[in-house]
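# just the structure for this:
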Amino acid sequence: MIPDFSTLRPRFIELLVKSGNFSGAEQREAVLKMFSAQGYEWSFLCPMNREKRALLVPSSWSMTPLLLSDHFAELVVWDPEPRRAELLRNFYTSLDLRVHVIADSLRCLADRSERYSVVALEDSLATSTSGLHDDIVKCIVRLLEPDGQCCVVTANRLGVSRLRSSELNWGQRLTQLMEYRQSLPTVDGLRRRIRNASLATQRSYFFYPDHREPREILGWNRALPSRFSSGFFRWLDRIGLLARVHDGFMVVAGHEQLAPSFVEQLMICLGEELGLKAVPKVDQCRVQRTGVLLFFTDLADEGTGVLRVPLRQEGVTRIESSRRVMALLAERAPQICSVAPEQLAAGELLDRPYTLERKITGVTAAEIIGKSGTAVHVLEGALQFLCALGKVHTVVRQIDDRFLADHIKPVFSLLRQHHQQLSSDFHEVETALIRNTAGHEIPLIWRHGDFNVNNVLFHPTNIDVAGVVDWEEGRALGLPLQDLLHFILSVHRQRHGWSIGQAVIRALEGRLLDIDEQSAIERYCDKLALSQALFVPLLVMHWAEHACSLSKKAGSLLTQKWLEENLFMPLDKIRCLVQ
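I've put the predicted structure just below:
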């Protein structure tokens, strides 16, 4: 079952506030970690055996116990932090789950007579800089049944995405990280730059049924690899960046194969549906922030596929939206559909929807914009694609009351709803937009919705667009110029580590666009017969839509710093411009 966030999250927040044991910052951290996409993949990957008992050792806040509670006859959670253990115990009890939270030491737990078919350590070893301690290993061995299975998640702080096969060239990533020396980044900017440089890759999953204990699984002797405990990581920890580059991989090992997991069953079904000679193999797994689990699969003679499985209702909605968009594109614009992912299969297994697409071969714009002489070609390729997309389905509308009710007023209404203290400021901006655009004609066009440097792929040799992915936010009749603005802003955010608000402020001040970008916008407007007088109003709408989307998703959990950078400062700048 897909968890129902609409009921779980408010209940958890209520318990958290009523406990009185956590500060505001601790409460925000708890909710963000409990309801992030990371961790939900366990329910798809972990074998199910309702006759067995399992022990889970999570790190910090984790929703994994909730997701695995129906996989076993009993799930025991070990959490040595008393405040957290008490709150989680109350939370699981309120949900009537058979989840027991224990706060004793791991050694005391091992001294008991209970044994488990599965012992899972989720990120719990990642904080150890001195190695995998012998007493931890001994406790795990004692806790396992003779035919038990051990699951481990551990540090992947340099984004090493493979344990045994190919290695990520992180030296190139560090070069990319320092590519742009013209701007000295802030700490937040450095965090974004680390993330954008792909140092913080997400978990990768590998299944090895031939290892028996954590030390063997990880290929270690007594200590972590030396590069994980160097002064570099201690320095990152001191300035608060370690969380940004820390991630993990999970290795599942056991004496015997348990019942197939959901993913293993799905691979068998897909092999039969596609008529493949062999069952597809999972090479890698990633979790998208949108709540979709991606499996990169080896389809043998059919190449490589991307299997999408939603982890929560938001992901289900996005997958269904993508399927509708792809169907319409195939019908109306085969030339556009030719660079979109080809759908190979779609359906449901155990009430869980999935889609399988052919993986597009190419290099993302984010990977090549830093190379000398390529940025202008990338921009040109993106422009040509967007001009073609804009011609797929165009309806020219006059900006009248009906247009405002459909495209402008709902955005500002939601912003006022989420930020009531700024209601008069939003009303002022909305009024000015209406006054400055009324009577203009504007083409409503097909929008991609998330046209950024990570979703546009190019051929590695001729810098032509090879593919465009992630069409979940596509729509047939949307505001023009938004995709091109989103792409250009994402280029600058990639280079400088800016937030969306910082980039928009520079654009409003005329300090963002270079000559090539200005030319691209002018040519785009000419192609679509769009008045350039609408550039600033459409830029303001781009900011407003982004702020509205984040406000709906994060709500009261938005930090003061995020609000300052992305809401308060841009709003002040916009009010000065429109007065």
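
# contacts only, for the residue lying closest to E380 once chain neighbours are set aside.
Closest residue in space to E380, ignoring its immediate chain neighbours: A520 at 7.5 Å, by Cβ to Cβ, 6 or more residues apart in numbering. Glycine gets a C-beta too; all of them are placed from N, C-alpha and C. A520 is in contact with 379-380, 383, 484, 488, counting by Cβ atoms under 8 Å, 6 or more residues apart in numbering.

# give me that answer again for 10 Å
Listed by Cβ atoms under 10 Å, 6 or more residues apart in numbering, the contact set of A520 reads 376, 379-380, 382-384, 386-387, 484, 487-488, 513-514.

# in three-state terms, label it for me.
On the three-state scheme (DSSP: H, G, I helix; E, B strand; the rest coil), A520 is labelled helix.

# same deal with W471?
Classification of W471 using three-state DSSP returns coil.

# these two touch, right, it and S321?
Yes - judged on Cβ atoms under 10 Å, W471 makes contact with S321 at a distance of 7.9 Å.

# any residues in contact with both of the two?
G449.

# the two: which is more packed in?
The neighbour comparison of W471 against S321 (other Cβ atoms under 10 Å) goes to W471, with 22 against 16.

# how much space separates D526 from K391?
D526 sits at a distance of 13 Å from K391 (criterion: Cβ to Cβ, to the nearest Å).

# shared neighbours, the two?
What both D526 and K391 touch, as defined by Cβ under 10 Å, 6+ apart, is an empty set.

# comparing these two, which shows the higher neighbour count?
More neighbours surround K391 than the other of D526 and K391, with 16 against 11 (other Cβ under 10 Å).

# residue contacts, the more buried one?
333, 335-336, 443, 445-446, 527-528.

# rerun at 8 Å
Per Cβ under 8 Å, 6+ apart, neighbours of K391: 445, 527.

# gap between it and I445?
From K391 to I445 the distance is 8 Å (Cβ to Cβ).

# now swap in A375 and tell me
25 Å.

# if you count surrounding residues, which of these two has more?
I445 (26 against 18).

# distance of that one from S322?
19 Å.

# kindly report the same for R112.
Counting by Cβ to Cβ, the gap from R112 to S322 is 49 Å.

# who has more neighbours, the two?
Ranked by neighbour count (other Cβ under 10 Å), R112 and S322 place S322 first, with 24 against 11.

# which residue is the nearest non-sequential neighbour of that one?
E472 (4.5 Å).

# got it, and P280?
T297 (4.5 Å).

# contacting residues for that neighbour?
Counting by Cβ under 8 Å, 6+ apart, T297 has contacts 267, 270, 280-283, 304-307, 356.

# for ChimeraX, write a command that selects the buried ones of the contacts of A520.
The ChimeraX command for the buried members of these (criterion: 16 or more other Cβ atoms under 10 Å) is given here:
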select :376,379,380,382,383,386,387,484,487,488,513
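
# just the closest of the contacts of A520 to L66, please.
F487 (38.3 Å; Cβ to Cβ).

# quick check: the closest one touching V453?
Yes - shown here, F487 and V453 form a contact pair, counting by Cβ atoms under 8 Å, at 6.9 Å.

# shared neighbours, the two?
Both F487 and V453 are in contact with A365, where contact means Cβ under 8 Å, 6+ apart.

# gap between C525 and G478?
16 Å.

# sorry, that was for R312
Applying Cβ to Cβ to R312 and G478 gives a distance of 25 Å.

# A503 against R495, yeah?
No - judged on Cβ under 8 Å, A503 makes no contact with R495 at a distance of 10.1 Å.

# which helix or strand in this structure has the lowest average pLDDT?
The helix or strand of the chain with the lowest confidence, counting by mean pLDDT, DSSP states H and E, is strand 205-207 at a mean of 35.

# let me see the ranges of the helices in the stretch 51-200 of the chain.
Counting by DSSP state H, counting those that start in this stretch, the stretch 51-200 of the chain has helices at residues 64-68, 82-94, 106-111, 134-143, 170-177, 187-196.

# swap in the stretch 251-400 of the chain?
For the stretch 251-400 of the chain, applying DSSP H, counting those that start in this stretch gives helices covering 262-273, 313-332, 334-337, 365-368, 375-390.

# residues near G303, how many?
G303 is flanked by 12 other residues according to other Cβ under 10 Å.

# tell me how many other residues crowd the residue lying closest to E145 once chain neighbours are set aside.
Closest residue to E145 apart from its sequence neighbours, by Cβ to Cβ, 6+ apart: R115 at 4.7 Å. Neighbour count for R115, taken as other Cβ under 10 Å: 15.

# next, R115: phi, psi?
Torsion angles at R115 (phi, psi; degrees, to the nearest 10) stand at phi -130, psi 160.

# ok, it - contacts?
So R115 contacts 53, 143-145, 148 (Cβ under 8 Å, 6+ apart).

# hang on, V491 packs against V453?
Yes - at 5.9 Å, V491 counts as touching V453 under the criterion of Cβ under 8 Å.

# which neighbours do those two share?
Applying Cβ under 8 Å, 6+ apart, one finds that V491 and V453 are jointly contacted by 365, 369.

# quick one on the thing from earlier: show me which of the contacts of T297 are buried.
267, 270, 280, 282-283, 305-307, 356.

# quick check, nearest of those to P570?
For those, the closest approach to P570 (Cβ to Cβ) belongs to V306, at 35.0 Å.

# look up how far S322 lies from that closest one.
Counting by Cβ to Cβ - V306 and S322 are separated by 12 Å.

# do the same with V453
V453 sits 20 Å away from S322, going by Cβ to Cβ.

# my read: R84 touches W61, true?
Yes - counting by Cβ under 8 Å, W61 is a contact partner of R84 at 7.0 Å.

# which stretches of the stretch 301-450 of the chain have low pLDDT?
370-374 (pLDDT under 70).

# quick one: buried residues of stretch 96-108?
So, applying 16+ other Cβ under 10 Å, buried residues of stretch 96-108: 99, 101-103, 106.

# those into JSON lines, with extra columns for pLDDT and distance to F91?
Shown next, in JSON lines, are the buried residues of stretch 96-108 (pLDDT from 0 to 100; distance: Cβ to Cβ, whole Å):
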{"residue": "V99", "pLDDT": "89", "distance to F91": "9"}
{"residue": "V101", "pLDDT": "91", "distance to F91": "9"}
{"residue": "I102", "pLDDT": "88", "distance to F91": "15"}
{"residue": "A103", "pLDDT": "85", "distance to F91": "15"}
{"residue": "L106", "pLDDT": "75", "distance to F91": "22"}
